[in-house]
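**Student:** need coordinates for the following:
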Amino acid sequence: MAAAHDTPGTGPEDSRRDDNPNDNPDDNPAVSPDDGAADTLRVRWLRALTALRGQVTTPDPLPYADNLLTRWAEPQRRYHTTDHLVAVLDHIDTLAAHAADPESVRLAAWFHDAVYRPDRSENEERSAVLAIRALTEVGVPAARTDEVARLVRLTVTHDPAPGDTNGEVLCDADLAVLAGEPEAYEAYTRAVREEYGFVPDDAFRAGRAAVVRQLLDLPRLFRTPHGAAVWEERARANLTTELETLSP
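**Tutor:** Now for the predicted structure:
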C-alpha cells in the first residue's frame, strides 16, 4: 500500500532478489509454529488457497504460508506488519459479498505487501512477481494467478475501474486504516513515520503531506457500499487533521 499511504523512498534500490516464494529457511526462519496468531493465519491461507487450486494437493502449501509470514515479520516493518495483514483480511471478510472472487482477493491481500522495502518504489511489482511464482508452483490455475497479481499491482494506485468489484474490495480493505478511531489513526501515522526513519523530517513531512492531499482530492476514497457508508467520512476527517499537523 506504499503508494497510497507512505512517503516515496529516497534510498538506493536493494539489488538482492526477494521474489523467491520458498527461500532457504536457514536464511529466513519461519514464524514459530507455536504462535497461535500464525496458526490462525495458516488456516486462513489454506482455506483461500484450497478454494483456488481445487483438488491439487502438492506441493505442501504450508512452507509458502510460513515464507509469507516471515516476510510480514521483517525488522524494517513498523506498519506493514502481520497486524496489517490480519486487518486487511478481516476487512475483506466484511466486504466479501461485494467481490466477484473473494478468495482471489484474500490471496492478493497475502501478497500485496509481501515484498516491502521503504526505500523502494517497486514493492508492488515485486510482490506481484512473487505471487505469480508462488501460486503457479502450488497449482493455482493461470487465470486466478493472473487475477491475484493484477490485484496486487492495483494497490499502487488504489483506483479500480468501475465494475471491478475484486479491486474495490481489496483497495477498500487496504485503505480502511484511514477510517480508524483517532488513537488508532495516530498509531498508524507514527508507524509509517518509523518505517521512514531514514528520511529527514522536512522531507518526510513534505512527502507525506503530498500523499494526504492526493487522497483528499479523490472524489471517493472507498468504492464499496460499506466503505462509502461507514468509512468515508471518518477517513476524510482523519486525513484533514493529519494534514493540519503536517503544515509548516
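**Student:** what packs against the strand or helix carrying Glu183?
**Tutor:** If you go by DSSP states H and E, Glu183 is part of helix 182-195. For helix 182-195, the elements it packs on are helix 201-217, helix 232-246, judged by 3 or more C-beta pairs under 8 Å, 6 or more residues apart in numbering; DSSP states H and E. Heads up, the C-betas are built off the backbone N, CA and C, glycines and all.
**Student:** okay, now Thr245: neighbour count?
**Tutor:** 12 (other C-beta atoms under 10 Å).
**Student:** and it, how far from Glu232?
**Tutor:** Separation of Thr245 from Glu232 (C-beta to C-beta, to the nearest Å): 21 Å.
**Student:** what's the closest of the helices and strands packed on helix 182-195 to Ala48?
**Tutor:** Ala48 sits nearest to helix 232-246 of all those, at 26.7 Å, using C-beta to C-beta.
**Student:** buried residues, the closest one. List them.
**Tutor:** Across helix 232-246, burial judged by 16 or more other C-beta atoms under 10 Å covers 232, 235-236, 238-239, 242-243, 246.
**Student:** out of these, who's nearest Ser127?
**Tutor:** Closest to Ser127 out of these is Ala235 (23.9 Å), distances taken as C-beta to C-beta.
**Student:** need the contact list for that closest one.
**Tutor:** 175, 178-179, 221-222 (C-beta atoms under 8 Å, 6 or more residues apart in numbering).
**Student:** so which of those sit within helices?
**Tutor:** Judged by DSSP state H, the contacts of Ala235 include Leu175 as members of helices.
**Student:** and the contacts of Ala235 as TSV, adding pLDDT, neighbour count and distance to Trp110?
**Tutor:** Putting the contacts of Ala235 into TSV (pLDDT from 0 to 100; neighbours: other C-beta atoms under 10 Å; distance: C-beta to C-beta, whole Å) gives the following:
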residue	pLDDT	neighbour count	distance to Trp110
Leu175	98	23	17
Leu178	98	23	21
Ala179	98	23	22
Leu221	97	23	23
Phe222	98	24	22
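**Student:** narrow the contacts of Ala235 to those in strands?
**Tutor:** With DSSP state E as the criterion, strands contain none of the contacts of Ala235.
**Student:** and of the contacts of Ala235, the nearest to Arg193?
**Tutor:** Minimum distance to Arg193 across these is 15.6 Å, recorded for Leu178 (C-beta to C-beta).
**Student:** and the nearest residue to that closest one once chain neighbours are set aside, how far is that from Thr245?
**Tutor:** Closest residue in space to Leu178, ignoring its immediate chain neighbours: Ala235 at 3.8 Å, by C-beta to C-beta, 6 or more residues apart in numbering. Distance, Ala235 to Thr245, using C-beta to C-beta: 16 Å.
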